[in-house]
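**Student:** With the input below, show me the fold.
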Amino acid sequence: FLMNKAIFGPKNSIHIETEEDFLSSKQNAHISPFIPEITAEERKSVDYNKNPNLLVYLRKFITRLKQSISFKYFHLLKDYHYNLLSDPSCHFKEDPKPDSLYLNMLKKLIISPYHPIRLLWSVLLMLFLIFSFVYIPMEISFDFFGSFTDGFHIIVIIMLSFDIGISLITGTFANGSLLLDPTKTCANYMKTMFCTDFLGLLSMVYGLIYQNFQLGIPKSDLGKLLIYFKISKFSWIIRTLSNYFKIEHKYKSYVDLLKVMGTSLIIAHVIACLWHMIAGLDTNRNWIIASNLQNDQWSMQYAYSIYWAITTMMTVGYGDIVPRNPIEIVFAIVVIIFGCVVYGYNLNTIGIVVHEISKNENKFNAYLQTINSFMNRKKIDNNLQTRVQEYLHFKRTEKLVIKAEEENKIIETLLSYGLETYK
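**Tutor:** All right, here's what the predicted structure looks like:
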């Protein structure tokens, strides 16, 4: 065996067997089992009473065998594995069971996230959520009551309930593919955004019941802030609309800048409302009395509150509005620490956005300056120089420079996942 040159000889004498050769050899060759097959008579002749532990050992062996293999379920096996086993039954496809009438009706109701009806509802819900994010903190802080507040709560409950129903019949993307199966769609929604949607709905129902029926339950206006759990749905809507209308593709830097500004304003708005609300915890000594605003309208008090919130978050702090009791001092400390984090994040994000905006402009200006220097050195006519500059501006505006290498990489990535429609 050691003298076998086919194994220990030169490398060019070794035959490397490919996968196709291996499969063909296994299909053509007859593999004899290592253990002879047990006949029915021999199986009946086994007396398990003489050896009662035999069945226990067999079960342990089968259990360990199942645990040691990577494919425990037949649906995980692929054609390669069936061909390796030379199993012709793999080509037999069972007729699928017909779906029930109820399931067929549900399949007809499932819509794509980019369906026109779904997009229209997303726009309406986005506008409604923006108004809710602004109004609900002011309602908690300034104690808004009346027919408008009750009507608003009823509209919130109707909108959030209807949104849960729409979300249950909206298809979802999994591993880059659109799923329109009712079972998978509902299961995915239950795992992702159902809890946040339900908490937002529950807070509005609780507030409406308390204000109108005056039940013997503790009041908790801060529970209405659970509406901010809908931020996850708001982000999903923004991403869906952006993908459909190609907004970020055309104005990505400006959209990022708008997101930073909008997020900062919402945070400042919530802090301002909380800053006004905690002033009511001590009616004898607070920042409102110190600023002589106790007799002013709520709009003036809100203006001073948002002014304090923004100056504190931006680490300016003019010192004209300061905390006057221990509760306000603790709240101001928390806002200062949180504001430093928000300010640092906003500053870094704005710097990146401005850099992205000016990067292409600076690159084009440097390119144009090089061409102008060349034409001046060659003493080219001014009319021709002007025409060249205008043509270069036209090329830049129309974006005729195509990034072929990046496009090919993206197409290859899509094709690797089987998206043949992108060819």
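**Student:** And for residue 328, the neighbour number?
**Tutor:** Neighbour count for residue 328, taken as other Cβ atoms under 10 Å: 19. For the C-beta atoms, the positions are set from N, CA and C on the backbone; glycine is no exception.
**Student:** and if you look at residue 203?
**Tutor:** Neighbour number of residue 203 under other Cβ under 10 Å is 23.
**Student:** Is it correct that it is in contact with residue 227?
**Tutor:** Yes: shown here, residue 203 and residue 227 form a contact pair, counting by Cβ atoms under 8 Å, at 6.4 Å.
**Student:** quick one, what contacts residue 274?
**Tutor:** Residue 274 sits next to 137, 141, 331 when contact means Cβ atoms under 8 Å, 6 or more residues apart in numbering.
**Student:** quick one: which of those residues is nearest to residue 244?
**Tutor:** Among the contacts of residue 274, residue 137 lies closest to residue 244 (Cβ to Cβ), at 30.7 Å.
**Student:** Out of the contacts of residue 274, list just those in helices.
**Tutor:** 137, 141, 331 (DSSP state H).
**Student:** Verify the contact between the last one and residue 275 for me.
**Tutor:** So the one you mean is residue 331. Yes: Residue 331 is within contact range of residue 275, at 6.9 Å (criterion: Cβ under 8 Å).
**Student:** out of these two, which sits in the busier spot?
**Tutor:** Ranked by neighbour count (other Cβ under 10 Å), residue 331 and residue 275 place residue 275 first, with 25 against 19.
**Student:** Show the pLDDT at the more buried one.
**Tutor:** Residue 275 is assigned 94 on the pLDDT scale.
**Student:** quick one: secondary structure of it?
**Tutor:** helix (DSSP: H, G, I helix; E, B strand; the rest coil).
**Student:** tell me the contacts of it?
**Tutor:** The contact partners of residue 275, by Cβ under 8 Å, 6+ apart, come to 287, 305, 308, 309, 328, 331, 335.
**Student:** So it versus residue 339, what's the distance?
**Tutor:** According to Cβ to Cβ, to the nearest Å, residue 275 and residue 339 sit 12 Å apart.
**Student:** okay, now residue 227: neighbour count?
**Tutor:** 22.
**Student:** Look up which helix or strand the closest residue to it other than its chain neighbours falls in, please.
**Tutor:** Distances taken as Cβ to Cβ, 6 or more residues apart in numbering place residue 200 nearest to residue 227, at 4.8 Å, with adjacent residues excluded. Applying DSSP states H and E as the criterion places residue 200 in helix 194-213.
**Student:** what's the following helix or strand past that helix in contact with?
**Tutor:** Using DSSP H and E, the helix or strand that follows helix 194-213 towards the C-terminus is helix 231-245. Defining contact as Cβ under 8 Å, 6+ apart, one finds that helix 231-245 is touched by 113-114, 119, 122-123, 125-126, 129, 163, 193, 196-197, 247-248, 255, 259.
**Student:** change it to 10 Å
**Tutor:** 113-114, 118-119, 121-123, 125-126, 129-130, 132-133, 160, 163, 167, 170, 192-193, 195-197, 200, 228, 230, 247-249, 251-252, 255, 259, 262-263, 266 (Cβ atoms under 10 Å, 6 or more residues apart in numbering).
**Student:** Specify the angle between it and helix 194-213 in degrees.
**Tutor:** On the basis of axes from the mean of the first three to the mean of the last three Cα atoms, to 10 degrees, helix 231-245 is oriented at 120 degrees to helix 194-213.
**Student:** got the buried residues for helix 231-245?
**Tutor:** For helix 231-245, a neighbour-count test (16 or more other Cβ atoms under 10 Å) marks 233, 234, 236, 237, 238, 240, 241 as buried.
**Student:** which one of these is nearest residue 65?
**Tutor:** Closest to residue 65, out of all of these and judged by Cβ to Cβ, is residue 236, at 45.2 Å.
**Student:** do you know how far the closest one is from residue 287?
**Tutor:** The value you get for residue 236 to residue 287, if Cβ to Cβ is used, is 38 Å.
**Student:** Also residue 349?
**Tutor:** 31 Å.
**Student:** re earlier: for residue 188, state which of the contacts of residue 274 is nearest.
**Tutor:** Once Cβ to Cβ is applied, the member of the contacts of residue 274 that ends up nearest residue 188 is residue 137, at 31.4 Å.
**Student:** Dump the ones in helices among the contacts of residue 274 to JSON lines, plus distance to residue 186 and pLDDT.
**Tutor:** Shown next, in JSON lines, are those (distance: Cβ to Cβ, whole Å; pLDDT from 0 to 100):
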{"residue": "137", "distance to residue 186": "33", "pLDDT": "91"}
{"residue": "141", "distance to residue 186": "38", "pLDDT": "88"}
{"residue": "331", "distance to residue 186": "42", "pLDDT": "94"}
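**Student:** okay, those in TSV with distance to residue 281 next?
**Tutor:** Converted to TSV, the ones in helices among the contacts of residue 274 look like this (distance: Cβ to Cβ, whole Å):
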residue	distance to residue 281
137	17
141	12
331	10
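**Student:** Out of these, which comes closest to residue 354?
**Tutor:** residue 137 (30.6 Å).
**Student:** Give the burial count for residue 103, as a bare number.
**Tutor:** 12.
**Student:** which residues touch residue 138?
**Tutor:** So residue 138 contacts 144, 269, 270, 272, 273, 276, 298, 302, 305 (Cβ under 10 Å, 6+ apart).
**Student:** how far away is it from residue 289?
**Tutor:** Look at residue 138 and residue 289: by Cβ to Cβ, they are 21 Å apart.
**Student:** How about residue 169?
**Tutor:** Per Cβ to Cβ, residue 169 is found 54 Å from residue 289.
**Student:** So for these two, which sits in the more crowded spot?
**Tutor:** Using other Cβ under 10 Å, the more surrounded residue of residue 169 and residue 289 is residue 169, with 17 against 14.
**Student:** Tell me how many other residues surround the residue nearest to that one when sequence neighbours are not counted.
**Tutor:** Nearest residue to residue 169 in three dimensions, chain neighbours excluded: residue 109, at 4.8 Å (Cβ to Cβ, 6+ apart). Residue 109: 11 surrounding residues under other Cβ under 10 Å.
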